[in-house]
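Novice: Structure of the sequence below:
(chains A and B)
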Amino acid sequence: DSGVTQTPKHLITATGQRVTLRCSPRSGDLSVYWYQQSLDQGLQFLIQYYNGEERAKGNILERFSAQQFPDLHSELNLSSLELGDSALYFCASTPGLTGELFFGEGSRLTVL
Amino acid sequence: GENVEQHPSTLSVQEGDSAVIKCTYSDSASNYFPWYKQELGKGPQLIIDIRSNVGEKKDQRIAVTLNKTAKHFSLHITETQPEDSAVYFCAASGNNFNKFYFGSGTKLNVKP
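Specialist: Residues are numbered from 1 along each chain as shown, chains lettered A, B, ... in the order given. Okay, here's the model as predicted:
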């Protein structure tokens, strides 16, 4: 158990809908990363937050947004969902800006 | 941005044999190279990492080598065991750890 909690574990929704994925980092970790893993694909970096502030952006679509709250949990919002958004979404945390990422078990999103 | 390529995509070895996974990267500013193991239904977990001031690092049956001039690094697993079966990801990052770029993954199957 990495200590990173992601909810929900599974989510099925329809095209055009909006969903919110939640991540609780390890206790004390200030930095949160979001990654997308599509079928047979690697991990695509979406966005990183550090202590509530956005630090880095990757290939995150404009339909997607995220935030990190004062209690350090983070949410990834996906809107106007398309079939291609079906994927496993991972959250990872680190204590600060250090090397090791601690990943949650992911939220599997299926868009029908 | 950084581009990390990983080969092979699948690797099947007999128990006790060695396994080698190779990655190349494009950004010469990258100086931290971790390897993650992802078991079925789990998030990736760090197994070993190497920084650019080191050419090789070992941890029991696992070793990583880095050639900064050629911009490639490799994971070596000796005396493979069935529990080594998983998907392995290489990654690259710069000093600030704001972004981690992952390879596409290698599915390792160790046959008993």
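Novice: CA only for contacts and neighbour counts going forward, please
Specialist: Noted.
Novice: And the pLDDT for the residue nearest to A:Leu30 when sequence neighbours are not counted?
Specialist: With CA to CA, 6 or more residues apart in numbering or on different chains as the criterion, A:Leu30 has its nearest non-adjacent residue at 5.0 Å, and that residue is A:Asn51. Model confidence at A:Asn51, given as pLDDT, is 93.
Novice: so A:Asn51 touches A:Ser31, yeah?
Specialist: Yes - if you go by CA atoms under 8 Å, A:Asn51 and A:Ser31 touch, sitting 6.3 Å apart.
Novice: Mind checking which of these two has more residues around it?
Specialist: Shown here are A:Asn51 and A:Ser31; by other CA atoms under 10 Å in any protein chain shown, A:Ser31 has more neighbours (28 against 17).
Novice: Tell me what the residue lying closest to A:Gly52 once chain neighbours are set aside is bridged to.
Specialist: Once flanking residues are discounted, A:Gly52 sits nearest to A:Gln68: 4.8 Å by CA to CA, 6+ apart. Per DSSP bridges, the residues bridged to A:Gln68 are A:Ser74.
Novice: Number of residues surrounding A:Gln68?
Specialist: A:Gln68 is flanked by 23 other residues according to other CA under 10 Å.
Novice: From A:Tyr33, how far out is the residue nearest to A:Leu30?
Specialist: Plainly put, A:Asn51 is 12 Å away from A:Tyr33 if you go by CA to CA, to the nearest Å.
Novice: For A:Phe84, give me phi and psi.
Specialist: One correction, residue A:84 is Gly, not Phe. Backbone torsions for A:Gly84, taken as degrees, to the nearest 10, come to phi -70, psi -10.
Novice: again with B:Ser28
Specialist: Per-residue torsions, B:Ser28: phi -70, psi -10 (degrees, to the nearest 10).
Novice: per-residue confidence at it?
Specialist: pLDDT, B:Ser28: 91.
Novice: Next up, the contacts around the closest residue to chain B within chain A.
Specialist: Nearest residue of chain A to chain B, counting by CA to the nearest CA: A:Gly42, 3.8 Å away. Residues in contact with A:Gly42, defined by CA atoms under 8 Å, 6 or more residues apart in numbering or on different chains, are B:89, B:102-105.
Novice: Quick check: the farthest pair among the residues you listed?
Specialist: B:Phe102 and B:Gly105 (8.0 Å; CA to CA).
Novice: for chain A, which spans come out with low pLDDT?
Specialist: When residues are selected by pLDDT under 70, those of chain A lie in A:40, A:97.
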